[in-house]
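> whatever this is, show me its structure:
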Amino acid sequence: QPYTITMKMTPQANDVMCGRGADARNHVGNKRFRMQISLHCEAYAKASKSEKTKITRMIVDSVARDSGRFMKKDPTSGEWYEIDDRSSREKTGQSLREMAASKVTKKPGAKSGLPCSERGTLARLQEHVFSKLVEMNRSTGGNSGDANIHIVEDTDSTS
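Okay, here's the model as predicted:
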């Protein structure tokens, strides 16, 4: 007698849950996905159409490399299913556009209140921290109290 085996799919840690609400927002895979979107949103906003396609593809491929899937819940059955590659790219592109367009003005101290242009890579963060250290160094006349930080500014304008 023929039989069918069906397995229920449930989102795992590396999956991206497509949808709204706290479950999707707080899911670890979605947090990783938003981090990637945040890291690439500025480049995406400035990119040509072909470059945007490459950025989108890179993010979708990164999710897959980590054994992640883009999943959606069927509203009728309540079952989770994996969406196709095209839908995954569309979701990623939409997320990039939304984040790039969000010139958020939030109250001081609110999470994620920086506009896309002020978020970014580690290098930008390092530049920011270094500039603050230089500023502190100048304001204290080079005397940073107990701190054991010595800043040597590069005055070479060729870099």
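> Tyr3 belongs to a helix?
No: using DSSP: H, G, I helix; E, B strand; the rest coil, the assignment for Tyr3 is coil, not a helix.
> so how far is Glu79 from it?
19 Å (CB to CB, to the nearest Å). For every residue, glycine as well, the C-beta is placed using N, CA and C.
> more neighbours: which of those two?
Set Tyr3 next to Glu79 and count neighbours by other CB atoms under 10 Å: Glu79 wins out with 12 against 4.
> contacts only, for the more buried one.
8-9, 73 (CB atoms under 8 Å, 6 or more residues apart in numbering).
> closest one of these to Ser95?
Minimum separation from Ser95 among those (CB to CB) is found for Lys73, which lies at 17.8 Å.
> let me know how buried that closest one is, in neighbour terms.
Neighbours of Lys73 (other CB under 10 Å): 17.
> with adjacent residues omitted, what lies nearest to it?
Trp80 (5.4 Å; CB to CB, 6 or more residues apart in numbering).
> and the pLDDT at that neighbour?
pLDDT recorded at Trp80 is 94.
> closest to Val16 out of the contacts of Glu79?
Once CB to CB is applied, the member of those that ends up nearest Val16 is Lys73, at 12.5 Å.
> list the contacts of that closest one.
Lys73 touches 17, 19, 79-81, counting by CB under 8 Å, 6+ apart.
> which of those residues count as buried?
17, 80 (16 or more other CB atoms under 10 Å).
> closest to Lys31 out of the contacts of Lys73?
Distances from Lys31 to the contacts of Lys73, taken by CB to CB, are shortest for Met17, at 10.8 Å.
> where's the residue lying closest to that closest one once chain neighbours are set aside, which helix or strand?
Nearest residue to Met17, sequence neighbours excluded (CB to CB, 6+ apart): Ala24, at 4.3 Å. Here Ala24 sits within helix 22-26, counting by DSSP states H and E.
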